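A.B. asks: I'd like to go over a predicted model; first the sequence, then the structure.
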Amino acid sequence: MNELKNQPIDKRTTSKYATRNALISAAYLSGIAICMIAAPKITEALKYGEYAGKVRAAAVIALAIMFIRSLYRNYIKKWCYAYINYIYDCMERADTENCPRCQTAFAVDYSNPGKPKSCPNKNCKISLENRLTYSQMPATNEAAKALVMNMGIYDDFKHSTSSVVFSWIGALIVSAAVGVGIVWFAVPYAADLVQSIKDLM
């Protein structure tokens, strides 16, 4: 991340970062509100009404973990997008003869001299013709490192909707397990421990 944070950042990045943060906040706050309302009804319908409070608490904890995860992933995207914009800005300069990311020399297309620059290195593939969008930016430290010059190939950081979906589902399952563990096990254990200490005193 230090390599990315050395790059300049401007409104092209900050506006998208703020917008996505606002959407993330609205989505998860809505989800928490729905859980608060729906949990008692669902547990009543399943005849487990006595667990409504615990189910609601576990769901809120799981969504809170997912909310923090989404904000952190968006934070990584912000710096990746600032970096890629810097690369594109360098490529747009008339005196740039090498790819700013991998240093491969640009091939000159004499038949079409006005064609946007594109890195001929198949492992890099940075192109002014097919620019990467904010949504396509990496959201993990490993993929962000792969985006930085000479630290990874295109396939290491390219966007994949399926991988994002599976990653989100996996994170939700883990978050739900953590929520259940806290509500059903950690909190009762802590309460018993506190009571035991009080009894000894």
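C.D. replies: The structure has been received and is ready for your questions.
A.B. asks: pLDDT below threshold where in this protein?
C.D. replies: Under the criterion pLDDT under 70, the flagged ranges of the chain are 1-6, 46-49, 110, 149-152, 201.
A.B. asks: now for residue 72, how many residues are close by?
C.D. replies: Neighbour count for residue 72, taken as other Cβ atoms under 10 Å: 13. For glycine as for every other residue, the C-beta is placed from the backbone atoms N, C-alpha and C.
A.B. asks: same check, this time on the one 4 residues further on
C.D. replies: Neighbour count for residue 76, taken as other Cβ under 10 Å: 19.
A.B. asks: next one: residue 168
C.D. replies: Using other Cβ under 10 Å, residue 168 has 14 other residues around it.
A.B. asks: quick one: it and residue 174, what's the gap?
C.D. replies: As judged by Cβ to Cβ, to the nearest Å, residue 168 and residue 174 stand 11 Å apart.
A.B. asks: tell me the centre residue of this structure?
C.D. replies: Taking Cα atoms, centre = their mean, the centroid of the chain lies closest to residue 73, which sits 2.4 Å from it.
A.B. asks: confirm that that residue sits in a helix.
C.D. replies: Yes: according to DSSP: H, G, I helix; E, B strand; the rest coil, residue 73 belongs to a helix.
A.B. asks: quick one: residues contacting residue 77.
C.D. replies: 17, 20, 134, 137, 138, 139 (Cβ atoms under 8 Å, 6 or more residues apart in numbering).
A.B. asks: excluding residues flanking it in the chain, which one is nearest the first one?
C.D. replies: The spatial neighbour of residue 17 that comes closest, neighbours along the chain excluded (Cβ to Cβ, 6 or more residues apart in numbering), is residue 78 at 4.2 Å.
A.B. asks: and that neighbour, which helix or strand is it part of?
C.D. replies: Remark: residue 78 resides in helix 52-92, with elements defined by DSSP states H and E.
A.B. asks: chain center to the next helix or strand after that helix, what's the gap?
C.D. replies: Downstream of helix 52-92, the next assigned helix or strand under DSSP H and E is helix 141-147. Taking the mean of its C-alpha atoms, helix 141-147 sits 12 Å from the chain's own mean (Cα atoms, centre = their mean, to the nearest Å).
A.B. asks: just the CA atoms of helix 141-147, as PDB, please.
C.D. replies: Taking C-alpha atoms only, helix 141-147 is exported to PDB below (Å, rounded to 0.1, in the frame of the first residue of the first chain):
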ATOM      1  CA  ASN A 141      -3.700  -5.900  -0.500                       C
ATOM      2  CA  GLU A 142      -2.400  -8.700  -2.700                       C
ATOM      3  CA  ALA A 143      -4.200  -7.600  -5.800                       C
ATOM      4  CA  ALA A 144      -3.200  -4.000  -5.100                       C
ATOM      5  CA  LYS A 145       0.400  -5.000  -5.000                       C
ATOM      6  CA  ALA A 146       0.000  -6.800  -8.300                       C
ATOM      7  CA  LEU A 147      -1.300  -3.500  -9.800                       C
END
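A.B. asks: for the host helix or strand of residue 17, which helices and strands make contact with it?
C.D. replies: Element membership of residue 17 [criterion: DSSP H and E] is helix 11-45. Packing contacts for helix 11-45, counted by 3 or more Cβ pairs under 8 Å, 6 or more residues apart in numbering; DSSP states H and E, involve helix 52-92.
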